[in-house]
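1. I'd like to go over a predicted model; first the sequence, then the structure.
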Amino acid sequence: MEKSNGQRVILFPLPLQGCINPMLQLATILHSKGFSITVIHTSFNAPKPSNHPLFTFLQIPDGLSDAETRTHDVTLLLTRLNRSCVSPFRECLTKLYQSAKEEKERISCLIHDAQWIFTQPLTQSLDLQRLVLSTYNVSFFHGHFVLPQLRRERLLLLQEQDDLVQEFPPLRKKDLSQILEEETELLDSYSDKILETTKTSSGVIFVSSCEELDQDSLTLARQDFKVPIYAIGPSHINFPAMSSSLFTPDDTCIPWLDKQEDKSVIYVSFGSLANMSVSELIEIAWGLSNSNQPFLLVVRVGSVKDAEWIETIPEEVMERVKAKGKIVKWAPQQEVLKHRAVGGFLTHNGWNSTVESVCEGVPMICLPFVWDQLLNARFVSDVWRVGIHLEGRIERNVIERVVRRLLLEREGEVVRERMKLLMEKVRRSVKQNGSAYRSLEHLVDRISSF
Ligand code: UDX
């Protein structure tokens, strides 16, 4: 780590696993460049300060009841948080700002998740610079502001289902109908606020994107947002962060993987938010065991609707699962993807999972559930061509077949070769003079200049 530069950066992550990880990753990078770090966070899904002894953590009350935090409606959760956190956040930041002034410490800026939409007037009144961080890829973040308009034109759009959505490539019309199903007017006005908050910021940071993954959208985003954009790449390669997992990873995965042959295992995980039905879980369990390949399946507690965990999987399937597979509640995902035994990743294509898979050269089977996952899956299957798209079908025969195609057949080999090339390109990007490396340097210079 470099010596402290006497400047403090304040970070405000959104309390979702897929958003906390990138923000604490950025904190690790900035700390290594000499910045002191303060993380303001909600009591809901609070990160564990003991995992990050070098940062200061300040908790604010978020006013959510237990029932409200258990909702599956993420938009509702986020709009509620955006209402209830305004005063506690203002109080916390103002105090911090005043005590820094008294102690003659310089607060360089606030970096907050793009989905916090109330920060602008406060930072303006404190004369504090503000950067936003997007955990989506550049294409989705830039493109999703067109969704309200597409929703209004929905009837016109739903004809040729396989066609690309012109305003939002490489999304296909059938993906759009799935995204718009989720969308409501509440989300439309929320998106408008995110856009306004972004355009009035001092810049946008994309933690896991880089020119190599998303060049066209970076160009468009620079034109449209008219603020500096930093695509600093999958920096966890250079700056391994302490775990920021909200769940406890089951480390017995690793000795189990040690016993499997090279590139023989299919790893299956759907991130921290996606939910499935009991029958979908049973189809997945059947399909995996019928494939006859070893598999590591993550089933998050609470992710199966109307069930505790995996108790609804019939005994006859469990017998087969025990012979060939392992089911855990949460995995040390980055370690799993690095393991020599893992040959493929059946994923929901959250952006973090997608990039983590690319960085380890693991080809994917795409089973996107909602929102940005549908676009990420199209990048994987149609643009980079480093995975096979399941087209949303959760049926045992389809799963059995696709696992065998990826792990055992020539088609899988071709996909794996392409993935190796993409991995090398992305890894070069974060090395000295790579595009992401340079973008990070610009970001650090910029923050230092505030
Ligand atoms: C969601 C969206 O899907 C994602 O696209 C958006 O950018 C952030 O919010 P999530 O669904 O949780 O995130 O998926 P993902 O982005 O893939 O993040 C999951 C994170 O949890 C990854 O960093 C992954 O390594 C970690 N994880 C997941 C584990 O450590 N163990 C697991 O068993 C599963």
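-> In hand now; what should we look at? None of the values given here were measured: they were computed from a predicted structure.
2. quick check: residues of the chain near the ligand?
-> 16-19, 21, 135-136, 245, 269, 271-274, 298, 330-331, 333-334, 350-353, 356, 372-373 (Cβ under 6 Å from any ligand atom). The way it works is simple: take the backbone N, C-alpha and C, and place the C-beta from them, glycine included.
3. quick check: PyMOL command selecting the buried ones in those.
-> This is the PyMOL syntax for the buried subset of those, where burial follows 16 or more other Cβ atoms under 10 Å:
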select buried, resi 16+17+18+19+21+135+136+245+269+271+272+273+274+298+330+331+333+334+350+351+352+353+356+372+373
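4. okay, and the helix or strand of the chain with the least pLDDT?
-> helix 154-157 (a mean of 61; mean pLDDT, DSSP states H and E).
5. quick check: domain ranges of the protein?
-> Residue ranges for the domains of the chain, per automatic domain parsing: 7-238+430-449, 253-427.
6. out of these, name the one with the poorest average pLDDT.
-> Between those, the one with the least mean pLDDT is domain 7-238+430-449; it has a mean of 93.
7. list the contacts for residue 314?
-> By Cβ atoms under 8 Å, 6 or more residues apart in numbering, the residues touching residue 314 are residue 282.
8. any idea how far the ligand is from it?
-> Separation of residue 314 from the ligand (Cβ to the nearest ligand atom, to the nearest Å): 24 Å.
9. after the least confident helix or strand of the chain comes which helix or strand?
-> The element immediately downstream of helix 154-157 (helix or strand, assigned by DSSP states H and E) is helix 173-182.
10. in strands, which of the residues of the chain next to the ligand fall?
-> Residues of the residues of the chain next to the ligand located in strands (DSSP state E): 269, 298.
11. now the helices for the stretch 201-350 of the chain?
-> Here the stretch 201-350 of the chain has its helices, by DSSP state H, counting those that start in this stretch, at 211-225, 253-258, 278-291, 315-324, 333-338.
12. this protein: strands as residue ranges?
-> 7-12, 36-42, 56-60, 106-113, 129-134, 204-206, 229-231, 265-269, 295-298, 325-328, 342-347, 364-366, 387-389.
13. in the longest one, what counts as buried?
-> The neighbour-count check on strand 106-113 (16+ other Cβ under 10 Å) flags 107-113 as buried.
14. between the residues you listed, which sits nearest the ligand?
-> The closest of the buried residues of strand 106-113 to the ligand turns out to be residue 113 (Cβ to the nearest ligand atom; 9.6 Å).
15. so what's that closest one bridging to?
-> Beta-bridge pairing for residue 113 (DSSP bridges): residue 133.
16. hang on, isn't it packed against residue 131?
-> No. In this structure, residue 113 is not within contact of residue 131 by Cβ atoms under 8 Å, at 10.8 Å.
17. please name the nearest non-neighbouring residue to the closest residue to the ligand within the stretch 301-450 of the chain.
-> When you check the stretch 301-450 of the chain against the ligand by Cβ to the nearest ligand atom, the closest residue turns out to be residue 350, at 2.2 Å. Nearest non-adjacent residue to residue 350, counting by Cβ to Cβ, 6 or more residues apart in numbering: residue 271, 4.1 Å away.
18. need the phi and psi values for that neighbour.
-> phi 70, psi -160 (degrees, to the nearest 10).
19. gap between it and residue 16?
-> 10 Å (Cβ to Cβ, to the nearest Å).
20. contacting residues around residue 423?
-> 358-361.
21. which one (most neighbours) among these?
-> Neighbour count (other Cβ atoms under 10 Å) singles out residue 358 as the most crowded of these, with 27 neighbours.
22. that one reaches residue 427, doesn't it?
-> No. Using Cβ under 8 Å, residue 358 is not in contact with residue 427, being 9.2 Å away.
23. longest helix of this structure, counting residues only.
-> Secondary structure of the chain per DSSP state H: the longest helix is helix 410-429.
24. the nearest residue to residue 354 once chain neighbours are set aside: neighbour count?
-> If the residues on either side of it in the chain are set aside, residue 354 comes closest to residue 376, at 4.9 Å by Cβ to Cβ, 6+ apart. Neighbour count for residue 376, taken as other Cβ under 10 Å: 26.
25. then residue 190?
-> Other residues close to residue 190 by other Cβ under 10 Å number 17.
26. what is the burial count for the residue lying closest to it once chain neighbours are set aside?
-> Distances taken as Cβ to Cβ, 6+ apart place residue 79 nearest to residue 190, at 5.9 Å, with adjacent residues excluded. By the criterion of other Cβ under 10 Å, residue 79 has 18 neighbours.
27. now residue 226
-> Count around residue 226 with other Cβ under 10 Å applied: 9.
28. ok, residue 362 next?
-> Neighbours around residue 362, by other Cβ under 10 Å: 25.
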